[in-house]
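In: pasted the sequence and its predicted model underneath.
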Amino acid sequence: MAFYPEELIEEVRSRNDIVNVISGYVRLQKKGGNYFGLCPFHNEKTPSFSVSPGKQMYYCFGCGAGGNVLTFMMQYENFTFQEAMQSLADRAGITLPQQEMSAEQRARADRRAKLLEINKEAAKYFYLLLRDARGKQALEYFQKRELTAQTMQHFGLGYSDKYSNDLYRYLKKKGYADDLLKDSGLVAIDEIRGGYDKFWNRAMFPIMDVNHRVIGFGGRVMGDGEPKYLNSPETMIFDKGRNLYGLNFARSSRQPGILLCEGYMDVIALHQAGFDNAAASLGTAFTSGHASLLKRYTKEVYLTFDSDGAGIRAALRAIPILKEAGLVAKVIDMQPYKDPDEFIKALGAEEYRKRIDAAENSFLFEIRMLEREYDLSDPEGKTAFFRKVSERLLTFQETLERENYIEAITRRYQIGFEQLRSMVNHAGTRDGIAAERKPLKSGVRERRKKDDGMKQSQRLLLTWLIEEPSLFDAVGIYITPEDFTEEIYRRAAEVLYEQHARGELNPARIVSLFPEEEEQREAAGLFQAGISLPDDSRDRQKALTETVRRIKQNSIEYRSKHLDPTDIAGLQRLIEDRKSLAKLHIYID
């Protein structure tokens, strides 16, 4: 973020009113001094997404997303900071200075731009060929799959000609050099054959990143050629492990969660049936990169893989990856049909929606698949099965969550709750795992609870200072930025106190000072605690006094633990602070 001077960042931010910008993405309604709408970063029915024209910040009280107008563009459009700056600068008519890049950086950026340009040209050419006489077979293929003209247009579907150098000749006429065409993944260059296409005589599926830029292609052969499906190789702009087909549309869906499929046609069929929250991996196994990408846009993923053995194995591989990323996974049962496309053609969209509503908890799905490996009619097999289930249950570290799953298993398999819990505890003891994770005598859990309460107190005070600057005079006697023991809170307080001293309070500018998106999100939350001071003057003074006292007491304890014994001045300040704490009382009008 230091790429631009702070003054320029602030000019771009201040020249883009946050309400006007976000209104282009979210329908907002004014309530009091703020605007509210449905959060674009998680699914909700009751608006909890707040946009403050006064603070020039947004905050969702549901999922915690927040920041200023730059943060919003980075989160919503998946822009880098530089891309967000450029977009907003263009909107405000501000010319950004040419960035000082090294020759290598400039060459790399130019090459990326050229590769994106080539892919876009190829997509346009394939699109036109499908609607030409040469694309008749591919068009009939798509029509046989019951795709409408509107759906084909929406996904930019196309056709690669049967002549193996057709695209190469077309792009050469456009002026692109062989080395660029080779790096695009669309063309191979051979000393004997010259240039020839990677895709020919195939129905074409353009692959787009979340910003709708064509980064690669998938192609389905027309006829009996091999391989049946072919994908672009990985290039400078195409990383299969970090992109998902259809996510450019699915990320903006208002439907709950993301439907994760296996193939292009499943995604397209689901979108055509009204399920515009479907996406698929790109001919590769599901990865942690895919899970991280999904986490930006949802908290819940519905696995709708093929119902055959390969699909089940793929689901079992994906579930732990999704869990590791902090996503909730559920599994859709499409029996007796193989995939979503077949299911919808046979039973229709409404029946598929019922299957979504009845999607199975991923852990219970794993246990059901595990059951297939044991003969439950045999006592020995049944015992072995429950031993394995007990080991799986140990993966839940929280006692309450683990016992909820023990209860679910006992209902499904008619085993006594205490019997299964005993097996789980025994498995934990046998494997050296503390099955019963009781609160430690050291008070670690109590300390975590106290820490969470302290963060809330510090967040409250920062919010109140922003909303009522007159409080600075009363609070500043006792609290300095040093008293905010959370690092990000202390840094925000330092800037806030400096702004107040200059006679300006600008929380949106403070957010811009943090380089990482997660820090910006947390900084935005500092000024959106959601609890206002009481109206009654006596209650106001009491609430403020108690909050300031908690923060100061915590600060004294923190500094005492970290004080250098040779720091005489620091020790003297602690003594003075303890004296002032004893008689602390905030007086406000």
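Out: Perfect, thanks for sending it.

In: per-residue confidence at T547?
Out: We have a pLDDT of 88 for T547.

In: whoops, I mixed them up, G443
Out: Looking at G443, the pLDDT reads 36.

In: what's stretch 345-358 in contact with?
Out: 146, 259, 269, 273-275, 302, 332-334, 337, 340, 343-344 (C-beta atoms under 8 Å, 6 or more residues apart in numbering). The way it works is simple: take the backbone N, C-alpha and C, and place the C-beta from them, glycine included.

In: among these, which lie within helices?
Out: Among these, the members falling in helices (DSSP state H) are A269, P340, F343, I344.

In: now the first one: how far from E146?
Out: In this structure, A269 and E146 are 8 Å apart, going by C-beta to C-beta, to the nearest Å.

In: that older thread, selecting buried members of the ones in helices among the contacts of stretch 345-358 in PyMOL, what would you type?
Out: A single PyMOL command is used to select the members of the ones in helices among the contacts of stretch 345-358 judged buried by 16 or more other C-beta atoms under 10 Å:
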select buried, resi 269+340+343+344
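
In: quick one: which two of the ones in helices among the contacts of stretch 345-358 are the most distant?
Out: A269 and F343 (9.0 Å; C-beta to C-beta).

In: after the lowest-mean-pLDDT helix or strand in the chain, next one along is what?
Out: When the helices and strands of the chain are scored by mean pLDDT, DSSP states H and E, helix 444-467 comes last with a mean of 67. Heading C-terminal from helix 444-467, the first helix or strand you meet, by DSSP states H and E, is helix 471-475.

In: just the residues contacting that next one, thanks.
Out: Residues contacting helix 471-475 (C-beta under 8 Å, 6+ apart): L461, W464, L465, Y497, H500, L544, V548, I586, Y587, I588.

In: report the residue spans of the chain with pLDDT below the cut-off.
Out: Applying pLDDT under 70 to the chain picks out residues 1-3, 78, 99-102, 105, 430-452, 515, 517, 528-532, 587-589.

In: re the thing from before, hmm, which of the contacts of helix 471-475 are the buried ones?
Out: Of those, these count as buried by 16+ other C-beta under 10 Å: L461, W464, L465, H500, L544, V548, I586.

In: dump those into CSV; add distance to N554 as well.
Out: Written out in CSV, the entries for the buried ones among the contacts of helix 471-475 read as follows (distance: C-beta to C-beta, whole Å):
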residue, distance to N554
L461, 12
W464, 17
L465, 17
H500, 22
L544, 16
V548, 11
I586, 17
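
In: just give me the neighbour total for the nearest residue to K55 once chain neighbours are set aside.
Out: Nearest residue to K55, sequence neighbours excluded (C-beta to C-beta, 6 or more residues apart in numbering): P507, at 5.1 Å. Neighbour count for P507, taken as other C-beta atoms under 10 Å: 26.

In: pretty sure P507 sits against L465.
Out: No - counting by C-beta atoms under 8 Å, P507 does not reach L465; the two are 9.9 Å apart.

In: shared neighbours, these two?
Out: L496.

In: hmm, back to that, quick check: the residue nearest to K55 vs I18, distance?
Out: 12 Å.

In: what is in contact with those two at once?
Out: Q56, M57.

In: distance check, the residue sitting nearest the centre point of the chain against D357.
Out: Residue closest to the average C-alpha location in the chain (C-alpha atoms, centre = their mean): R296, at 1.0 Å. Using C-beta to C-beta, R296 is found at 25 Å from D357.

In: now do K172
Out: 53 Å.

In: likewise E351?
Out: 11 Å.

In: cool, and L244?
Out: 23 Å.

In: show me which of these two is the more surrounded one.
Out: Neighbour tally, L244 and D357, criterion other C-beta under 10 Å: the higher count belongs to L244, 27 against 9.

In: export whatever helix or strand R313 lives in as CSV, just CAs?
Out: Following DSSP H and E, one finds R313 within helix 309-324. Output of helix 309-324 as CSV, limited to C-alpha atoms (Å, rounded to 0.1, in the frame of the first residue of the first chain):
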residue,chain,number,x,y,z
GLY,A,309,-17.6,-44.2,-6.9
ALA,A,310,-15.2,-41.6,-8.4
GLY,A,311,-17.5,-38.8,-7.3
ILE,A,312,-17.8,-40.2,-3.8
ARG,A,313,-14.0,-40.4,-3.5
ALA,A,314,-13.7,-36.8,-4.7
ALA,A,315,-16.2,-35.7,-2.1
LEU,A,316,-14.4,-37.5,0.6
ARG,A,317,-11.1,-35.8,-0.4
ALA,A,318,-12.8,-32.4,-0.6
ILE,A,319,-14.5,-32.5,2.8
PRO,A,320,-11.4,-32.2,5.0
ILE,A,321,-10.0,-29.5,2.8
LEU,A,322,-13.1,-27.4,3.2
LYS,A,323,-13.2,-28.0,7.0
GLU,A,324,-9.5,-27.0,7.3
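
In: show me what it is packed against.
Out: Contacts defined by 3 or more C-beta pairs under 8 Å, 6 or more residues apart in numbering; DSSP states H and E place helix 309-324 against helix 288-295, strand 300-303, strand 328-331, helix 362-371.

In: returning to that earlier point: what subset of the contacts of stretch 345-358 is buried?
Out: L259, A269, A273, F275, Y302, I332, M334, Y337, P340, F343, I344.

In: tabulate these (TSV), appending distance to G428.
Out: Below are those laid out as TSV (distance: C-beta to C-beta, whole Å):
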residue	distance to G428
L259	36
A269	45
A273	46
F275	41
Y302	32
I332	33
M334	36
Y337	41
P340	40
F343	41
I344	45
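
In: I'd like the next helix or strand past the top helix by length along the chain.
Out: Ranked by residue count and defined by DSSP H, the top helix of the chain is helix 103-130. Where DSSP H and E defines the elements, the next helix or strand beyond helix 103-130 is helix 136-144.

In: CA-only coordinates of the helix or strand just after that following helix in PDB, if you can.
Out: Where DSSP H and E defines the elements, the next helix or strand beyond helix 136-144 is helix 149-154. C-alpha atoms of helix 149-154 as PDB (Å, rounded to 0.1, in the frame of the first residue of the first chain):
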ATOM      1  CA  ALA A 149     -29.300 -19.500 -26.800                       C
ATOM      2  CA  GLN A 150     -29.300 -17.200 -23.800                       C
ATOM      3  CA  THR A 151     -27.300 -19.700 -21.700                       C
ATOM      4  CA  MET A 152     -24.800 -20.200 -24.400                       C
ATOM      5  CA  GLN A 153     -24.400 -16.500 -24.700                       C
ATOM      6  CA  HIS A 154     -24.100 -16.000 -20.900                       C
END
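
In: give the buried residues for helix 149-154.
Out: T151, M152.

In: try stretch 64-75
Out: So, applying 16+ other C-beta under 10 Å, buried residues of stretch 64-75: A65, G66, G67, N68, V69, L70, T71, F72, M73, M74, Q75.

In: can you check the distance spanned by it, start to finish?
Out: Stretch 64-75 stretches 12 Å from its first residue to its last (C-alpha to C-alpha, to the nearest Å).

In: from R421, how far off is T399?
Out: Distance from T399 to R421, by C-beta to C-beta: 10 Å.

In: ok, those two, which is more surrounded?
Out: Each of T399 and R421 has its neighbours counted (other C-beta under 10 Å); R421 has more, 19 against 12.

In: run a quick neighbour tally on the closest residue in space to that one that isn't next to it in sequence.
Out: Spatial nearest neighbour of R421, chain neighbours left out: I406 (5.5 Å); criterion: C-beta to C-beta, 6+ apart. Applying other C-beta under 10 Å, we find 22 residues neighbouring I406.

In: D266 too?
Out: 27.

In: pretty sure it contacts T304?
Out: Yes - between D266 and T304 there is a contact at 7.3 Å, judged by C-beta under 8 Å.
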